[in-house]
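**Student:** Okay, sequence plus prediction incoming.
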Amino acid sequence: MKLTALFAFLLTVSTAQSQELKFHRVEFSTGDSIQSAIHFFCSQDYEREDCLKDIAALRRALAHYPTQLLGQWSFYLVMAQDWKPLVKLQGGEPVIPAFSSLRNRATALDRSLFTPTAERSAELIRWYRLPIGQPLIDLAITHEMGHALCQEKNERLANEYGKDLREGKIPQCRNAAALHARASK
């Protein structure tokens, strides 16, 4: 795996240990439906096997959705111990399990979505008000894809677009520029 830095707004972010958060790019040569324009990264503290396992789980989850509409996009998996400090530094709610940078065409995901602790699972279930057993990864990635596909910053609308994706529909974006950009792909 090749060492790389996270997208621009994370370059200066420090972990709790005051180290720059760095990532390894993960290359896959599988025959799944995920296009080559989608890139995957794991933070440097990931064990290789865990990284590959979690990226494979993410790819399986993404395979249900129209990732070809994303164009060039990157997914960054962040170790659980680095997640909350990272989100706090970005001005977000530490409980969220994912966030995206539309400008940088990237989504960061908390490793807890793939390898949850009992405490973190309970926290996420309370945050999302979900019944136990609901796949949080699907909720997180469809919400973030709602942001990405529609170039939407509004959380409520991203939730609506994510719900459309989970129901097998292509979201009807309210942002005309996003619709135009999607149509031209």
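**Tutor:** In hand now; what should we look at? Computed from a predicted model, the values in this text were never measured in an experiment. Numbering: from 1, shown residues only.
**Student:** Poorly predicted segments of this protein, please.
**Tutor:** Along the chain, segments meeting pLDDT under 70 span 1-20, 29-33, 130-134, 176-185.
**Student:** Which stretches in it count as strands?
**Tutor:** In the chain, strands defined by DSSP state E lie at 2-5, 22-26, 38-43, 73-78, 98-101, 106-110, listed in chain order.
**Student:** now those in CSV, with distance to residue 52?
**Tutor:** Quick note: C-beta positions are derived from backbone N, CA and C, even for glycine. Formatted as CSV, the strands of the chain follow (distance: least, Cβ to Cβ, whole Å):
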stretch, distance to residue 52
strand 2-5, 15
strand 22-26, 7
strand 38-43, 8
strand 73-78, 11
strand 98-101, 20
strand 106-110, 15
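**Student:** Same list, those, but as TSV with mean neighbour count and distance to residue 63 please.
**Tutor:** TSV is the format used below for the strands of the chain (neighbours: other Cβ atoms under 10 Å; distance: least, Cβ to Cβ, whole Å):
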stretch	mean neighbour count	distance to residue 63
strand 2-5	12	24
strand 22-26	19	16
strand 38-43	22	11
strand 73-78	24	13
strand 98-101	21	17
strand 106-110	25	16
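**Student:** right, so of those, which gets closest to residue 152?
**Tutor:** strand 98-101 (10.0 Å; Cβ to Cβ).
**Student:** And the helices in the chain, which stretches?
**Tutor:** 48-62, 80-89, 118-128, 136-150, 155-166, 176-183 (DSSP state H).
**Student:** Give me whichever of the ones you listed is most buried.
**Tutor:** Each of those was scored by mean neighbour count; the highest is helix 136-150, a mean of 24, by mean count of other Cβ atoms under 10 Å.
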